[in-house]
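J.: this is the structure alone, sequence omitted:
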């Protein structure tokens, strides 16, 4: 049989189409690999073996009948546990949804299903996506495939680790402040956050509704684009959705500007200058102050996100679905005890911050002020985009940190420092692998941001950079 | 420093319908205070006459025809997710 390790979507499609491997063999290969290696990595929460093999059989039937198959048909993938998956547990990493099995699937899962992609596993995440390391999962922490003592990042840590460890060919994640890009950077894979509203969130557990985006984690920008084009588009069941702009976003004389940030930036910086070409001209910007203050952005982000979280999490009441406290005497106690018992520490903190920020007398000082700060941040980015098509930055300030090394919530928030801008402004952004941190040997990422609606341009630039560099082909050499 | 006392934390937790154990109160009060300190950075900027942003792509009202859409999910499947149910209804503890 052909070598099935670290296949790209197009390579796997080629093998399936030419019958060098059957969809069943490919699916079984991934499931076996998960069973063998996941005990060390702990990226996966549940394997969907029966459903996956049944789906694979359908693809094989089509092939046996001489029919052609679509690009994603028979391609095994993993999904963050934020997505409703009919008949398969959906916990959002929380004990409050421990035994929840949704009776329907998210629109994006349905679209992938229709395209023939095969979901083989649900993967770990920070509880309700609150975190940057996946250590806030109520089930267990996930390890980084490059170094098992380090975090995979978060909150889509299971998605990034599962792609980096080749537990699936791609993964579906969510990004509210960097939750696709930061773990992608930490795990040496490619992660794309689309323009706000381009991908439906129907059936996705809500975190902060004015920020949440769905996107792919993959081995390359090319693979990310294949998945993105399937899941993008207006959805009548999500009124915030907009059509993906397909206006020409080709690669002709792209103007990009790179902004450095602290230690990791310097290493990324010298590599970035070497990429300057007629196709993508790269200027080096002075420093991040062009964005406005990073502290301001992060502060505004956490006020708004915590507020929206406290509102969205009201639905977990121990009455309609999910876990419920057993020892409550009356209805109000059901609420208090269920939420006290089954929410984890970070979820409680954010709920309390958000409730405080929205409470009478504090609304103007926190929520409204933060929404105004959001306007200022967005305008400072718009200003940079007047003269540039693309903004480049390091994705994070450094490589993945050690498990258990960050215990202060505020310090954990700082890991989103460079990624929250794209969510505040609703713009598309991708992280691609871009070097190795000398001190730790861990992967670093380059973040590529574009104007709202220019998703394909961002993907094209990322793809172009991946044709002239080979960082995305590096895989963890760790023997698991 | 925006220090929230244990009593203030209790009051907010009550609004959020979250029961905090006595052993959680001190740490939550400390952590929440330090987070509030950190977010005070929003006061760095002058926001007089700045329009707040709540919807980033500029979509305003989204309408559709007021017609009933068919739902493929059977009521019994939805109901079976409830922690307690009886005779086609969700069952809750006494209200009063």
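T.: Great, that's in hand. Here the structure is a predicted model, which means the values were calculated and not measured.
J.: give me the buried positions along the longest helix along chain B.
T.: In terms of residue count, the longest helix belonging to chain B (DSSP state H) is helix B:22-39. Of all the residues in helix B:22-39, those buried under the rule 16 or more other C-beta atoms under 10 Å in any protein chain shown are B:24, B:25, B:28, B:29, B:31, B:32, B:33, B:34, B:35, B:36, B:38, B:39. Yep, even glycine has a C-beta here, placed from its N, CA and C like the rest.
J.: how far does that helix sit from the chain's center?
T.: In terms of C-alpha atoms, centre = their mean, to the nearest Å, the gap separating the centre of helix B:22-39 from the centre of its chain is 18 Å.
J.: who are the packing partners of it?
T.: Packing partners of helix B:22-39 (3 or more C-beta pairs under 8 Å, 6 or more residues apart in numbering or on different chains; DSSP states H and E): helix A:294-312, helix A:345-358, helix A:409-413, helix B:6-15.
J.: list the buried ones in whichever helix or strand comes after it?
T.: Per DSSP states H and E, the first helix or strand lying C-terminal to helix B:22-39 is helix B:75-79. For helix B:75-79, the neighbour count (16+ other C-beta under 10 Å) marks B:78, B:79 as buried.
J.: is the helix or strand that comes right after helix B:75-79 positioned near chain A?
T.: Sequence order places strand B:85-86 as the next helix or strand after helix B:75-79, per DSSP H and E. No. Using C-beta under 8 Å from any C-beta of the partner chain, strand B:85-86 stays clear of chain A, coming no nearer than 9.8 Å.
J.: what packs against the helix or strand just after strand B:85-86?
T.: Following strand B:85-86 in sequence order, the next helix or strand is strand B:89-90 (DSSP H and E). On a contact count with 3+ C-beta pairs under 8 Å, 6+ apart, strand B:89-90 meets no helix or strand.
J.: so what touches strand B:89-90?
T.: Residues from elsewhere that reach strand B:89-90 (C-beta atoms under 8 Å, 6 or more residues apart in numbering or on different chains): A:319, A:320, B:79, B:82, B:84.
J.: mean confidence for it?
T.: Average pLDDT, strand B:89-90: 96.
J.: that strand pairs with which strands?
T.: Neighbouring strands of strand B:89-90 in its sheet, by DSSP bridges, are strand B:85-86 (antiparallel).
J.: if we can go back for a sec, now for the contacts of strand B:89-90: which two are most distant?
T.: A:319 and B:79 (11.9 Å; C-beta to C-beta).
J.: can I assume residue A:283 is in contact with residue A:254?
T.: No. Counting by C-beta atoms under 8 Å, residue A:283 stays clear of residue A:254, with 11.5 Å between them.
J.: neighbour count for those two, which is higher?
T.: More crowded of residue A:283 and residue A:254, by other C-beta atoms under 10 Å in any protein chain shown: residue A:254, with 21 against 13.
J.: which residue comes closest to the more buried one once chain neighbours are left out?
T.: Sequence neighbours aside, residue A:280 is the residue nearest to residue A:254 in space, at 4.5 Å (criterion: C-beta to C-beta, 6 or more residues apart in numbering or on different chains).
J.: what about stretch A:238-254, distance to the chain center?
T.: 20 Å.
J.: now do the end-to-end distance for that stretch.
T.: In stretch A:238-254, first residue to last residue: 33 Å (C-alpha to C-alpha, to the nearest Å).
J.: buried residues in it?
T.: In terms of neighbour count (16+ other C-beta under 10 Å), stretch A:238-254 has its buried residues at A:238, A:240, A:241, A:242, A:244, A:245, A:249, A:254.
J.: ok, the last one - contacts?
T.: Taking C-beta under 8 Å, 6+ apart as the criterion, residue A:254 is in contact with A:279, A:280, A:281, A:389, A:390, A:457, A:461.
J.: how close does the residue nearest to residue A:101 when sequence neighbours are not counted sit to residue B:75?
T.: Excluding its sequence neighbours, the residue lying closest to residue A:101 (C-beta to C-beta, 6+ apart) is residue A:89, at 5.5 Å. Distance of residue A:89 to residue B:75, computed by C-beta to C-beta, to the nearest Å: 21 Å.
J.: centroid-nearest residue for chain B?
T.: Chain B has residue B:16 as the residue nearest its centroid, 7.1 Å off, counting by C-alpha atoms, centre = their mean.
J.: on that earlier part again, need the buried residues of helix B:22-39 in a markdown table (columns: pLDDT).
T.: A markdown table is the format used below for the buried residues of helix B:22-39 (pLDDT from 0 to 100):
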| residue | pLDDT |
| --- | --- |
| B:24 | 93 |
| B:25 | 93 |
| B:28 | 94 |
| B:29 | 94 |
| B:31 | 93 |
| B:32 | 93 |
| B:33 | 93 |
| B:34 | 93 |
| B:35 | 93 |
| B:36 | 93 |
| B:38 | 93 |
| B:39 | 93 |
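J.: let me know the closest of these to residue A:432.
T.: Set against residue A:432, the nearest of the buried residues of helix B:22-39 by C-beta to C-beta is residue B:38 (30.1 Å).
J.: what's the pLDDT at the closest residue to the closest one other than its chain neighbours?
T.: Spatial nearest neighbour of residue B:38, excluding adjacent residues (C-beta to C-beta, 6+ apart): residue A:410 at 4.8 Å. Predicted confidence (pLDDT) for residue A:410: 91.
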